[in-house]
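J.: Make a model of this:
(chains A, B, C and D)
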Amino acid sequence: MSLNFNTPLFEIIRDKNKCIQCKVCVRQCANEVHWYSSYENIVNSDNNKCVNCHRCVILCPTKAITIRKHRLEFRNNSNWTSNAIKEIQKQADTGGVLLSSMGNPNKLPIYWDKILLNASQVTNPSIDPLREPMETKVMIGRKPDKLKFNKQGDLITDMPPQIELNVPIMFSAMSYGSISKNAHEALARAATKLGICYNTGEGGLNKDFYKYGKNTIVQVASGRFGVYKDYLNAGVGIEIKIGQGAKPGIGGHLPGKKVGADVSVTRMIPIGSDAISPAPHHDIYSIEDLRQLIFALKETTNYSKPIFVKIAAVHNAAAIASGIVRAGADVVVVDGFRGGTGAAPTRVRDNVGIPIEFALASIDQRLREEGIRNSASLVISGSIRNSSDIVKAIALGADAVYIGSAALIAMGCHMCRSCSTGKCNWGIATQQYDLVKRLNPDIMYKRLVNLISAWNHEIQEMLGGMGINAVDSLRGNKLMLRGIDLNETELRILGIKYVGE
Amino acid sequence: MKKIYSFEDKCLGCKLCEVYCKTARSKSKNIIKANKEENIDSAIIVEKTNKDTHFALQCRHCTDAKCIKACISGAIFKDEIGIVRYDKEKCVSCLSCVLVCPFGAVRKSDFNSTVTKCDLCFSTGKPLCVSNCPNDAIKFLDEKEIDDRMEIVK
Amino acid sequence: MKYLIIGNSAAGVNAIEAIRRLDQQNNITVISEENYQIYGRPLISYYLSGKIKYKNMFSYKEKDFYTKKKANLLLNTKVNSINTKIKKIYTNDNLSLEYDKLLLATGSLPFIPCIKGLKQHIDNKKDSNVFTFLTFEDSLRLKNKIKKTSKVVVLGAGLIGLKVVEGLSGQVDNITVIDLSDRIMASVLNEIEANMVKSHIEKCGDNVFFKLKTGISEVRNDTLLLSNNTVIDYDILIVSVGVKPNVELAKNAGLKIGKGIIVNNYLQTSNKDVYAAGDCIEYEDLFSNNKKLYALWTNATRQGELAGYNMSGIKMKYSRYFAINAISFFGMNLLSAGITTGKDIHNYIIESSINTFHMISILNNKLVGFVLINCPNKRAGIYTTLINDGIDISTLDYDITTMKNIKFSIYPKKNRTKKMWQGAA
Amino acid sequence: MINKEGKVKIPSGCAITGIIDKNGNKFNGEDIIKSIALMHERSNGLGGGFAAYGIYPEYKDFYALHIFFDDFNIKIQTEDYIKKNFDIINSESIPTKKNPKIYDPPLIWRYFLNPKKDNIEKKEIDEKEFVFKCVMEINKNFKGAYIFSSGKNMGVFKGVGYPEDIGKFFLLDTYEAYIWTAHGRFPTNTPGWWGGAHPFTLLNWSVVHNGEISSYDANRRFVEMYGYICTLKTDTEVITFLFDMLIRKHNIPLKKAIKIVVAPFWDDIEKEIDPSLKKELKSIRSVYASALINGPFSIILGFEDGILALNDRIKLRPLVVATKDAKTYISSEESAIRVICNNPDKVWMPAGGEPIIALLKKEYR
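T.: Just a heads-up that it's a prediction; the model follows:
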């Protein structure tokens, strides 16, 4: 069938006066957009193949290339948008479920942007982090209700295992397979350098990375890929993944073409086989099943590691979180509906789940009401974009945040949302050797360190502005927040006042 | 002494180094003019291997530089820093240097009778190939720094 | 400790440098028969052509080279004899100098064939119109002598002879090259290659004529009697049949002489305090294991350096050498090294056209020689190094017998990275 | 309309001062009034108050509740509640002396009470917890009644006005105590309410406080998880609750409690070489992260055995200590000490986070 409704989304514009025919773009585009014609001595481009990842734009030494949204338009229609039409055409063409990558791109409210922070003026001096200590270290894990001392004043309480984070930020779960080994190396090295943690995701842990164990959280997901005793003991924490913000209620699928020799060994599956994570864990059909898995993992690791349980932010997240804490989890992770993914059904990604801000506020409040807020740490994720998002999250009650997309962007991701093709030109979401190579861990780990250090500076500045010198005093400190452009219900759930109040 | 070192496991074969080398060696120092209008050879060569990987290669500025020994006119010489340099005014184009360079890094120009070789951008001290490599596959390092890494290369 | 060096060309000067790297203190004296500081001897033909100006003749080393190296340079001085027992030398100025370590870097002399009348014409130096071509002095005299109308005869179609042709081309009316052999540069080129070079010279040179397979019976004033009994006129006759090692002094001093001065692996002569290096010595060929003479600049520099090290106390063996030539005539580049003929040698012609030629020679899985004509971008140094290092080509990542563009990635990854990072030590 | 304490968090600045005689010798309130009066400039007339320990020796076994009532109606309702839970040993209006600078005082009463054993047993809690719960209940649910002192053999006297005027109003020269603390208030955003003045107390704890704690809401939400109800929304209230919770409810020794509220910096913990101490400090910071008091403050905590003076970790508020014989003086300003003790043995300024603990000698407790 030759009839094809596909039209280019982007238009490549090449300045002929600037193009020196060096062919760097030709060599660098894995989608084979650019090609050199020796007959004409010019470089040509095929708009149809372009995903707008900017690789050629960035590498072009003369900056001769720009990419624009293609000018082709449908007749204006607020209901039948070009996107709606194109999706129908695509499904009519393939008969398949629409797949998308990264987080929900739709125009839904971003509540971080509707929350404003406080600062000290006169009655309370702001603190200059350049001159005074400014602490951002947090301890992640279950805390006992109280500490006990004997008559001599010696501590007699045995502390449950804790994870020390120098900065209340971790790199969220992204599996080896969905992202490249080099990307993992950069994350692991950055986490080590920063004194924070990265998360293996559900793809197992490559042998080369066991050495970063002190800064690793290993994940156990429904596919149980690469899970065995050494793996569980390799990191400082274990995360049971129940759900993910980008696709609550949905499993995962790593196509066989991404399962090369190394991924195969790490995941413990045959080379070339599809790695399918079922939607539920087949041994968790209820909260008591979860409790069994939590304690099975604790037994396996001799109660030396906090157990994280990660869920997607869904309607009754607060009650679920309370159940998870009571089931024995040491850390509850909640992933908001904007969280990223390598691939998710578009309809699920864009329509399932709730904003993380609300999930966080209601979970924190619920746990406090039940008097069990100290029994688990609360970590949130799902499109944390900058340091002020983090400050707001902590003030709403989070102990720490996970960042995924932001870390990828630091490593070169341009949010072209083509992860599922496996041809990531930035060497992130790919297993193709020549592409993986483009992500130089030496460079990228430094960029990650830079990013987190920069954010840490900003967090410190904001803390200092509030007259606080330890992030502990920000946690749940909702007085530091005010809402704007929010209705009464929103304010009530967030537990914050309106600006000016 | 600092030299340029190439890291094959990092090289993408994009050949931006060649583009910038030509720019550095041009009269105009304008990247577009240098690559489009001036006939300039790149002193750095990106080679493709039989494993489809790449690496960049340029004059190694050998301690015991064979090209200097071979040169009959003093056109190739070692400066006080240790950079093996080339003075085209003195060159008689006999190509003795080309004949002895173990790396093939001293080449005859594609465009004229002179010889092309890397001079580590000595006039600025900042080789353009290094500063423009997008993947840090080319580094300007002190010889001592590379000694430590030599162990890794097995 | 006193170092004495006889000869001030490639070997002598490189010996000075080597000694000074290890010994900053002791006296070095250099004696030269010529009246100039070191110059690139092969440049004399470029001076003749005008490509090299007078000032650039001496850019091989900076002007203050000898001062910097604290070397005492005696020009215009001929050493008459050496007494190795009392370690003294005697010069034509009745000077006697003591030494502890002596280096003979006396180079070579023009080979003068036994032709009737030739010797007397050459000996009559000052006004003679018969020249040899080995020193800058020769080049200066010749350049003074030529006129646009000169009819020049070059005796010998070897490297020197042809460089003279190139140097004179366009400056004189007629150049005739006479050689006994059936082809030019017979010692370096095979027939095909020789023809390619010859036709290029004929095409580019101004009124250049070859008379090959031709001998000379007698040299007379302004005319030559050829072996076929014809007579040709000449205004200028240049004798460039070849060179021979300058061993006279060594011989008289009682040192062992073969084809050249005999030295051991440390460039020591039969007397332990006397070293020799450069064109004047004979040495082992990489392939034949025979003692050979190679009057090659590159080899002389290396030997001079090694001799210098050994004289100042560091033992350094000299590696075996092979022929290596980089020549250009009228813009045609000829690069060659090693041997291309012999038992079991297999030649691979990789490229061949009317004016390009690319051939490599393999013996027992090793590269032993190559010839490149007009293929300068072939990165010939990689070949030379393969020959020098005796690399088994089956260990390489590529089959070099079919490679048009030789490249460094022929070496397996481990080797190449190490080599690149280390450079040539 | 401007919100009162309890509706909104009120920041304020202040003067504090305190005196203890470690031998348990009692002295009347003249010195403490003199001392706090010297720092007149540090208050703005919107609040002053005193805490005194040892003033009710004849009732020392009974809880002395000082209560403000807006009117008689609420007084009657409150008393009904009290009667249900306590045996009233004595009740009286607290004597005051009219002062033109003090106006609109509420009804000010004190009760000496014995909790009803049956009620305590019914709730299966200890006596102090029972009293605590009753105080919480009244302060939260009896609008117009406010218990501002609930310890034994101690009492708080406070109100709207300059502290020296409040002192005279309450006739403090007629009381004898071995510990006196005082407070002059400079609130920035309140009309001033009698209950809002310092000291703030719970059971035997009393706190006078200068500063504003920026960790307020983190601390508040933390103590509220353990049954405290912050009715006043003032920093002092939450500080009092924190100490009560840590020391009374969690049984943590005073010195460790101090490590919680002014926790050592992580950097210093990392440098600690004693592994068990390091572990202890890490545990303290992990478990009680939300009990860290942040922002500028200096406080004097009074209790039956002595006083504790404390600065925030980076000393953003003034605090001076002096000793003379058995007496220890603590104040915002050195001059406020010298005005009542012109020749102290020793005067110094404690560092940020460095606690000053002055206890009655064991034999006098």
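J.: ok now do residue 6, which residues does it touch?
T.: Since no chain was named, I'll use chain A. A:48, A:89, A:90, A:93 (Cβ atoms under 8 Å, 6 or more residues apart in numbering or on different chains). Where you see a C-beta, it was placed from the backbone N, CA and C, and this is true even at glycine.
J.: you looked at the wrong chain, it should be chain B
T.: Counted by Cβ under 8 Å, 6+ apart, residue B:6 has contacts B:55, B:56, B:57, B:137, B:138, C:420.
J.: Need phi/psi at residue D:194.
T.: Dihedral angles of residue D:194 (phi, psi; degrees, to the nearest 10) stand at phi -60, psi -40.
J.: re earlier: so among the contacts of residue A:6, which ones count as buried?
T.: By neighbour count, with 16 or more other Cβ atoms under 10 Å in any protein chain shown, the contacts of residue A:6 hold no buried member.
J.: between the residues you listed, which is nearest residue A:154?
T.: Lowest distance from residue A:154 to the contacts of residue A:6 (Cβ to Cβ) belongs to residue A:90, with 67.9 Å.
J.: if we can go back for a sec, can you add distance to residue C:300 and secondary structure and give the contacts of residue B:6 back as a markdown table?
T.: Output for these, formatted as a markdown table (distance: Cβ to Cβ, whole Å; DSSP: H, G, I helix; E, B strand; the rest coil):
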| residue | distance to residue C:300 | secondary structure |
| --- | --- | --- |
| B:55 | 35 | strand |
| B:56 | 34 | strand |
| B:57 | 29 | strand |
| B:137 | 40 | coil |
| B:138 | 36 | strand |
| C:420 | 29 | helix |
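J.: hang on, the earlier thing: need the contacts of residue A:6 in a markdown table (columns: secondary structure, pLDDT and distance to residue A:459).
T.: Converted to a markdown table, those look like this (DSSP: H, G, I helix; E, B strand; the rest coil; pLDDT from 0 to 100; distance: Cβ to Cβ, whole Å):
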| residue | secondary structure | pLDDT | distance to residue A:459 |
| --- | --- | --- | --- |
| A:48 | helix | 93 | 44 |
| A:89 | helix | 92 | 46 |
| A:90 | helix | 91 | 42 |
| A:93 | helix | 89 | 47 |
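J.: re the thing from before, out of the contacts of residue B:6, flag the one nearest to chain A.
T.: Set against chain A, the nearest of the contacts of residue B:6 by Cβ to the nearest Cβ is residue B:137 (7.6 Å).
J.: Quick check: residues of chain B near chain A?
T.: Applying Cβ under 8 Å from any Cβ of the partner chain, we find that chain B lies next to chain A at B:9-16, B:18-20, B:31-32, B:35-36, B:52, B:132, B:134-137.
J.: Could you rerun that using 7 Å?
T.: Residues of chain B lying near chain A by Cβ under 7 Å from any Cβ of the partner chain: B:10, B:12-16, B:19-20, B:31-32, B:35-36, B:134-136.
J.: Which two of those residues have the greatest separation?
T.: The span of those, defined through Cβ to Cβ, is set by B:10 and B:36 at 28.6 Å.
J.: So which of those two has more stuff around it?
T.: Applying other Cβ atoms under 10 Å in any protein chain shown to residue B:10 and residue B:36 shows that residue B:10 carries more neighbours, namely 22 against 15.
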